[in-house]
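A.B. asks: here is a sequence with its predicted model. Questions after.
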Amino acid sequence: MASRFKETEEKWQRRWEEAGLHLAERDSRPKFMIIFAYPGVTGYLHVGHMRGYTYVDAIARYKRMEGHNVLFPVGTHATGNGAISLANRVAARDPDTLDYLMRNGCPEERVKDLETPEGVVEFFNGVYVNDYWKRFGFLADWRRFTCSIRPDYNRFIQWQFRKLMELGLLVQKPYYAPACVDCGPVAVDPSETDLSKGGNAEVNEYTLLKFRCGDELLIAATLRPETVFGQTNFWVNPDVDYRRVRVGDETWIVSAPAARKLSYQMDGVEVLGEVAGRELLGRMCSAPMVGREIPVLPAGFCDPEVGTGLVTSVPSDAPDDLVALQRLQKDPSLLESYGLDASAADIEVIPIIDIEGYGPCAAADVVDRMGITDSGDPRLAEAKKQVYKDGHHLGRMNPLCKGYEGLRVEEAKERMRDDMLASGEAELFRDLSEEVACRCGGTVMIRRVDDQWFIDYGDPDLTARTKSHCEGMDIFPAEYHHNVQAVLDWFRERACVRKGNWLGTRFPFDEEWIIEAISDSTLYPVYYIISMHANEGSISPEQMSEEFFDHVILGRGGSDVVSRSTGVPAELLEAIREDISYWYPLDLNLGGKEHMTVHFPAFLFNHQAIMPEGKLPRGIFVNWYITGKKGKISKSKGGAQPIPGAAEKFGVDALRLYYAHVASPFQDVEWDEDIVTSYRHRVERTTRMMEELHAIDGDEEGSVDSWMLSRMSRHIEDARRHMESYDLRQMANVVYFDIPNDIRWYLRRGGRSRRTAGKALDAWLRMACPVTPHMAEEAWESLGGEGLLSSAPYPSPEGSDPSSELGESYLRDVLEDVNEIVRVTGMKARTLHLYTSPEWKDRVQSMAVEMALAGELSVPALTKRAMQDEEVRRHGKSASEFAKKAAQETARRSAAELRRLSAPIDELSLLQDAKGFLESELGMSVELHDAAAPRHDPQNKAKAAMPLRPAMLLE
RNA sequence: GCGAGGGUUGCCGAGCCUGGUCAAAGGCGACAGACUCAAGAUCUGUUCCUGUAGGGGUUCGCCGGUUCGAAUCCGGCCCCUCGCACCA
């Protein structure tokens, strides 16, 4: 069955291509330019990634039908080391990598092409374009495809950086970055694009405290420099061999791993020799800031991989320290086994921080509360976290902390750290919270980079202008429209170049550096307007000089002058300039939620900084993910559903509808094949229903026909409205769910007008085209439509008919009421008597509605007015009672409901028309009566008749 | 911590901004019936509790408030999710 989809899909994709629907050329129509944030080409994508791309194609298709000239270009991003590391693994014939390629359908003969980074990029460019985007029926202008490592693109990025320099937004200063010892800088993040291990690691900033011990300094690393007043002793792991290291003119003692890490962050670090931890025991050292002499004691928990492998002991606030100390105090033999006097542990805990909800020593409280007695207790980590958290937020330094008493811990931490740094008693040291390994297998550590270039996104003027521009943008979801303001504020300088084995654009001011992945992907939408000429060979990368871009993008210089200096024909320069002024700004940039704090702000800032007024982006759309059962479907780890396989299995239209409708785009969705299957069924049902509509060939028309057309008009209006705010889900709900429900009712009611069905079908097909274009085209053709549906106009509403809508809902209400009575009573009735409301009640009711709309409705007012009516007054008490009831009930109605109720319908003739329908639906004969003069009313039901609520009797 | 978002009836998911038509759309699932040799598909009905006349009762994280009236507005509480930097 699967091949059935593919054949149809390919047929229409070919026709669209032949008709050139995807090509975008400047003309007199209003334009619409849309992109999705181009993906990084580091491997196969999975079904989840198609979600956002599909939104873009559907929006582009809608805009095209709606009358816009649409530019939808695509490209890929290859900057970084992803392709390099994949190429290396392929070249090394790594079995996991080969397996990954095979599983995703890489032809065996192509594997050898993947041994170079360029080969990897070109291969995947082909996969993305052909197996993903074209396969899904996207109408993108393929001529404009670009990739961030192509020479022409590089020229554009260099121009961008020249502009940033010109604007004074490039600054240089030292920086500490995670880096692989072999490959250079890497990104540490959970998606582990660059890594093979440790993506969740955080960078901790330790304060290195110096403890003078003879001529040497014992170096303890701490995250809590504010606790120095509580130091009682120093911890050394007796079983670890430490290193004696020269740092400047000081001699430090730290663990071997720490010595290595330090050498990446400080100058002149030189290992002098070893010193056994055991040898340090029992010595005295001088604690920084407080100048107290404290003893060096043994502790097994000192890990040479963490910090410096040496720890200062603050038993008042560190549960680990407290427990270790108590242990030594309880068991004198421990100290004696190291040749120390048991009295060495005669230490009083020094309370230094007052924390709400704790005694003077928070650590003691927590340890007692949790019943921890042993250093090996795994709950110590939790205890530590608790004390740290509460101390940090709630704690205040007590009077023992001279000079800092009364300060909040948060504040004291910074002040004390800075003071010790200034006095030379401390240094800073950055380390990763867990082991991190590069894709190449090398260790990742924090390295100092002295002359790092940054883009200064912290610039106050740029920030202010960008924020102000964003207020007027269309940003979805609305929360992000709000939040982006905070994100822009929070965005600071960003390291924008890196050294090492990387693909990307060379930094124009120092070719040693390569521009990193975020920074070369901010302004690129405008380049899609130029890339076509590079792709066609009419402009070479060398011709893309600073003057060239200055001219076509910024309008600087005359085309003749620029033509002379670049050799690009002046007419072409003019044409590109006009193209840019026509297509730009970008109307919508769509990207996944991971872009909210990285790509989108950089995209906004760069446009604001470089582009002239009027060329600033108009819209951003953020989409959430499709996830796997166990969290995010990971691209780098593979194992997810390959895209072509899913297309084969479910059909492209079903997938497109799934993406569009399965949930709000602003929410993650778990991939579930059963759900996708149900969308496949939905597409099939839609097709069948379209055929059914087409088969209608009657000429008779009734009230249900005006109802059908009215509903359709309303649906068109709603679909358009939803698409204007890019709300595909609501739109799809109308087109694939609400419309079929109405059509079912139309058929059930016996609707059989060729004209009505034809009109409804025509509009319906057009509305289905943006999301399920293949199926819609196929139906359009087989039902005799002219030309390509994809280039046909979107339908327009033709006005609704409130009376017929009210009439049909009235009929439904009657059916429901009868059903309910039958269900509740269990009667098998043969005859249904319906008594429609007497005319005088209708009159009172419409008075009520009228008065309510005018805001003058009250029980006495209505009663008074009703009783002025001869006809009504004749009904005496029941008239005034009804007026009271009508006033009360009408007063509760909303304005929309009142308007709905004010449409006039003639209940009796409506029921008369629908009598046959009711009889066949209910399986009983129906007798109609005017409640004012019932022919048969043995149970005196007629008096209960109300407007829009006929009384009924079942017999 | 900083910033943001959320908790709705079996499940998914609307509604909340702009309080009354909300027992609360739609889908999925389930049950019953029709059609059918049968299955599937399709159609109809039901799917919080209750009721032999179209009704009544209790619901929208918890507690309280505003209001004639609250899923919707306000305050407090509990719980959950996401981003936090060189990952397009």
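C.D. replies: Alright, I've got the coordinates. Numbering: from 1, shown residues only, chains lettered A, B, ... in the order given.

A.B. asks: how far away is A:G614 from A:N606?
C.D. replies: A:G614 sits 16 Å away from A:N606, going by CB to CB, to the nearest Å. No exception for glycine: its C-beta is placed from N, CA and C like everyone else's.

A.B. asks: check A:A324 too.
C.D. replies: In this view, A:A324 and A:N606 are 53 Å apart by CB to CB.

A.B. asks: okay, those two: which has more neighbours?
C.D. replies: Per other CB atoms under 10 Å, whichever of A:A324 and A:N606 has more neighbours is A:A324, with 26 against 23.

A.B. asks: shouldn't the more buried one be in contact with A:G376?
C.D. replies: No - counting by CB atoms under 8 Å, A:A324 stays clear of A:G376, with 10.6 Å between them.

A.B. asks: can you find the helix or strand of chain A with the lowest average pLDDT?
C.D. replies: Ranked by mean pLDDT, DSSP states H and E, the weakest helix or strand in chain A is strand A:631-632, scoring a mean of 38.

A.B. asks: where's the helix or strand following that strand relative to the chain centroid, distance-wise?
C.D. replies: The element immediately downstream of strand A:631-632 (helix or strand, assigned by DSSP states H and E) is helix A:643-650. Relative to its parent chain, helix A:643-650 has a centroid offset of 24 Å by CA atoms, centre = their mean, to the nearest Å.

A.B. asks: where does the stretch 201-350 of chain A dip in pLDDT?
C.D. replies: Across the stretch 201-350 of chain A, residues meeting the criterion (pLDDT under 70) sit at A:201.

A.B. asks: cool, chain A as well?
C.D. replies: Using pLDDT under 70, the flagged stretches of chain A are A:1-3, A:183-201, A:356-357, A:382, A:386, A:389-390, A:393-394, A:628-640, A:894-896.

A.B. asks: phi first, then psi, for whichever residue of the stretch 601-750 of chain A sits closest to RNA strand B.
C.D. replies: Nearest residue of the stretch 601-750 of chain A to RNA strand B: A:S664, at 3.3 Å (CB to the nearest atom of the strand). Backbone torsions for A:S664, taken as degrees, to the nearest 10, come to phi -60, psi 140.

A.B. asks: got a list of what it touches?
C.D. replies: A:S664 makes contact with A:R729 under the criterion CB atoms under 8 Å, 6 or more residues apart in numbering.

A.B. asks: quick one: contacts for A:P797?
C.D. replies: Neighbouring residues of A:P797 by CB under 8 Å, 6+ apart: A:713-714, A:716-717, A:720.

A.B. asks: which of these fall in helices?
C.D. replies: Among those, the members found in helices (DSSP state H) are A:713-714, A:716-717, A:720.

A.B. asks: take those residues and write them to a markdown table, including distance to A:T687 and neighbour count.
C.D. replies: What follows is the ones in helices among the contacts of A:P797, written out as a markdown table (distance: CB to CB, whole Å; neighbours: other CB atoms under 10 Å):
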| residue | distance to A:T687 | neighbour count |
| --- | --- | --- |
| A:S713 | 23 | 20 |
| A:R714 | 23 | 18 |
| A:I716 | 20 | 22 |
| A:E717 | 25 | 17 |
| A:R720 | 23 | 18 |
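
A.B. asks: would you list those residues in a markdown table and tack on distance to A:R498?
C.D. replies: Below are these laid out as a markdown table (distance: CB to CB, whole Å):
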| residue | distance to A:R498 |
| --- | --- |
| A:S713 | 58 |
| A:R714 | 56 |
| A:I716 | 53 |
| A:E717 | 53 |
| A:R720 | 47 |
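
A.B. asks: go back to those residues and keep what's next to RNA strand B.
C.D. replies: Among the ones in helices among the contacts of A:P797, proximity to RNA strand B is found for none (CB under 7 Å from any atom of the strand).

A.B. asks: distance from the chain centre to stretch A:798-818, please.
C.D. replies: 41 Å.

A.B. asks: ranges for the helices of the stretch 351-500 of chain A?
C.D. replies: A:362-370, A:380-394, A:409-423, A:460-471, A:478-490 (DSSP state H, counting those that start in this stretch).

A.B. asks: highest average neighbour count across the ones you listed?
C.D. replies: For the helices of the stretch 351-500 of chain A, the largest average neighbour count (mean count of other CB atoms under 10 Å) is found in helix A:362-370, namely a mean of 20.

A.B. asks: show me what that helix is packed against.
C.D. replies: Helices and strands touching helix A:362-370, by 3 or more CB pairs under 8 Å, 6 or more residues apart in numbering; DSSP states H and E, are helix A:319-330, helix A:380-394.

A.B. asks: flag every buried residue along the first one.
C.D. replies: Residues of helix A:319-330 classed as buried under the neighbour-count rule (16 or more other CB atoms under 10 Å) are A:319-328.

A.B. asks: that helix packs against which elements?
C.D. replies: Packed next to helix A:319-330, using 3+ CB pairs under 8 Å, 6+ apart, are strand A:233-236, strand A:293-298, strand A:311-313, helix A:332-337, helix A:362-370, helix A:380-394.

A.B. asks: same thing but at 6 Å, please
C.D. replies: Contact here means 3 or more CB pairs under 6 Å, 6 or more residues apart in numbering; DSSP states H and E; on that basis helix A:319-330 packs against helix A:362-370, helix A:380-394.

A.B. asks: any idea which of these gets closest to RNA strand B?
C.D. replies: Of all the helices and strands packed on helix A:319-330, the one in closest proximity to RNA strand B, counting by CB to the nearest atom of the strand, is helix A:380-394 (4.9 Å).

A.B. asks: contact residues of the stretch 551-700 of chain A facing RNA strand B?
C.D. replies: Within the stretch 551-700 of chain A, the residues that sit near RNA strand B (CB under 7 Å from any atom of the strand) are A:591-599, A:635, A:662-664, A:667, A:669, A:674-675, A:678, A:681-682, A:685, A:688.

A.B. asks: 6 Å instead?
C.D. replies: Applying CB under 6 Å from any atom of the strand, one finds that the stretch 551-700 of chain A approaches RNA strand B through A:592-595, A:597-599, A:663-664, A:667, A:678, A:681, A:685.

A.B. asks: check the stretch 201-350 of chain A too.
C.D. replies: Residues of the stretch 201-350 of chain A that fall close to RNA strand B, judged by CB under 6 Å from any atom of the strand: none.

A.B. asks: am I right that A:V735 is in contact with A:C769?
C.D. replies: No - counting by CB atoms under 6 Å, A:V735 stays clear of A:C769, with 9.6 Å between them.

A.B. asks: higher neighbour count, these two?
C.D. replies: A count of neighbours by other CB under 10 Å puts A:V735 above the other of A:V735 and A:C769, at 31 against 27.

A.B. asks: need the nearest residue in space to the more buried one, chain neighbours excluded.
C.D. replies: A:M767 (4.7 Å; CB to CB, 6 or more residues apart in numbering).

A.B. asks: so that neighbour sits in a strand?
C.D. replies: No - under DSSP: H, G, I helix; E, B strand; the rest coil, A:M767 falls outside any strand and is assigned helix.

A.B. asks: what about it, how many residues nearby?
C.D. replies: Neighbour tally, A:M767, other CB under 10 Å: 26.

A.B. asks: what separates it from RNA strand B, distance-wise?
C.D. replies: As defined by CB to the nearest atom of the strand, to the nearest Å, A:M767 lies at a distance of 16 Å from RNA strand B.

A.B. asks: repeat that for A:A318.
C.D. replies: Applying CB to the nearest atom of the strand, one obtains 19 Å for the distance of A:A318 from RNA strand B.

A.B. asks: and for A:A854?
C.D. replies: 16 Å.

A.B. asks: one step back: in TSV: the residues of the stretch 551-700 of chain A next to RNA strand B, plus secondary structure.
C.D. replies: Listed next are those as TSV, based on three-state DSSP:
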residue	secondary structure
A:G592	strand
A:K593	helix
A:E594	helix
A:H595	helix
A:T597	coil
A:V598	coil
A:H599	helix
A:A663	coil
A:S664	coil
A:Q667	coil
A:S678	helix
A:H681	helix
A:R685	helix
